[in-house]
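Q: Any chance you could fold what I've pasted below:
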Amino acid sequence: MEKKDQTRYDKAMVNRIARATGHLKMVRDMVEQERDCSEVLIQLAAVKSAVNGAGKEILKQYMEECVDQELRQQDNEGLGKLKKGIDSFMK
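A: The predicted structure is shown next:
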């Protein structure tokens, strides 16, 4: 079986990223408008949540699509990439 060279993200993932981008733009606008700190923090929490949600979905997709194949092929390089990705995501 041939290795996948590129992950294909669905429309839902694109929408998640767009939502996170929108929240972050709102934070910038709020700071420029000198809005109340508590309002900015609430919006930053929305950014954090949106980014974490997207990251979790990408990690799940990677595990479903790639890790299974890498395990079947006994590809230690692929498992190393997974570990590195998890470490980066969890920082």
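Q: now the end-to-end length of stretch 62-77.
A: 14 Å (CA to CA, to the nearest Å).
Q: Mind checking the pLDDT average for it?
A: Mean per-residue pLDDT for stretch 62-77: 74.
Q: How far away from the center of its chain is that stretch?
A: Distance of stretch 62-77 from the chain centroid (CA atoms, centre = their mean, to the nearest Å) equals 20 Å.
Q: Quick check: buried residues in it?
A: For stretch 62-77, the neighbour count (16 or more other CB atoms under 10 Å) marks Y62, C66, V67, E70 as buried. Any C-beta I mention is one placed from the backbone N, CA and C, and that applies to glycine too.
Q: how far away is the second one from S38?
A: To tie it back to what came earlier, the one meant is C66. Distance of C66 to S38, given as CB to CB, to the nearest Å: 41 Å.
Q: Over to the last one?
A: Distance check for E70 against S38: by CB to CB, it reads 46 Å.
Q: try A46
A: Remark: distance between A46 and S38 (CB to CB) = 13 Å.
Q: Counting neighbours, go ahead and name the busier of the two.
A: A46 (17 against 8; other CB atoms under 10 Å).
Q: What strand or helix carries that one?
A: Per DSSP states H and E: A46 is located in helix 37-62.
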